[in-house]
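need a 3D model of the sequence below.
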Amino acid sequence: MARACCPGSFDPVTLGHRFVFERAAARFDELVVTVVVNPAKKGMFSTDTRMALIEDSVADLPNVRVDRWEGLLVDYLTANDITTVVKGLRNGTDFSYEEPMAQMNRELADVETWFMLTDPRYAHVSSSLVKEVAKLGGDITPYVTPLVAREIDAAVHRIHEV
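Okay, the predicted model is just below:
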């Protein structure tokens, strides 16, 4: 069975992420979207909330499951018998950031990385930019699912109430 992992922080998941998940799910028997936890980073959403938002966004993709991991990604891949990582690329900057990690993953655990260009509609969209637009009162609905938009709106309102 061909399995792949699509790792990231997904804080929050965007329609650009969803595009990559959908395309990868069509090419692998199973795709595991893995929320990689970095304890040094404080996100807008808890890991459990991020996982729930991803699960909602991929509910129609039966061969996609969501998991979490804290630690070295190759350890997760080895423990779960996954030999392919799928990474979405928006531009050359993304490639420059991802390429050394792909080389290291291959060296450490013989893991291949498949790079996938995102849909041009989402090439400018990042989780950070979506959060910034929302905090400044902009419309994020073209870039995230309705549930994600509601959760971001609620989080922004909690921040302003403090």
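
how close does residue 119 sit to residue 89?
12 Å (Cβ to Cβ, to the nearest Å). Every residue, glycine included, has its C-beta placed from N, CA and C.

what of residue 42?
In this view, residue 42 and residue 89 are 26 Å apart by Cβ to Cβ.

now for residue 119, how many residues are close by?
Residues near residue 119, counting by other Cβ atoms under 10 Å, number 16.

follow-up on the earlier one: please identify which of residue 42 and residue 89 sits among more neighbours.
Per other Cβ under 10 Å, whichever of residue 42 and residue 89 has more neighbours is residue 89, with 18 against 7.

which residues touch the more buried one?
95, 98, 115-118 (Cβ atoms under 8 Å, 6 or more residues apart in numbering).

any idea what it is bridged to?
When assigned by DSSP bridges, residue 89 has beta-bridge partners residue 117.

for residue 64, see how far away it is.
Residue 89 is 20 Å from residue 64, where distance means Cβ to Cβ.

count of residues packed around residue 23?
17.

what separates it from residue 31, distance-wise?
Using Cβ to Cβ, we find residue 23 at a distance of 10 Å from residue 31.

repeat that for residue 63.
Look at residue 63 and residue 31: by Cβ to Cβ, they are 6 Å apart.

got a pLDDT number for residue 38?
pLDDT, residue 38: 83.

please look at it and residue 11 and confirm they touch.
No: judged on Cβ atoms under 8 Å, residue 38 makes no contact with residue 11 at a distance of 10.0 Å.

mutual contacts of residue 63 and residue 31, please.
Listed as contacting both residue 63 and residue 31 by Cβ under 8 Å, 6+ apart are residue 25.

more neighbours, these two?
Set residue 63 next to residue 31 and count neighbours by other Cβ under 10 Å: residue 31 wins out with 28 against 15.
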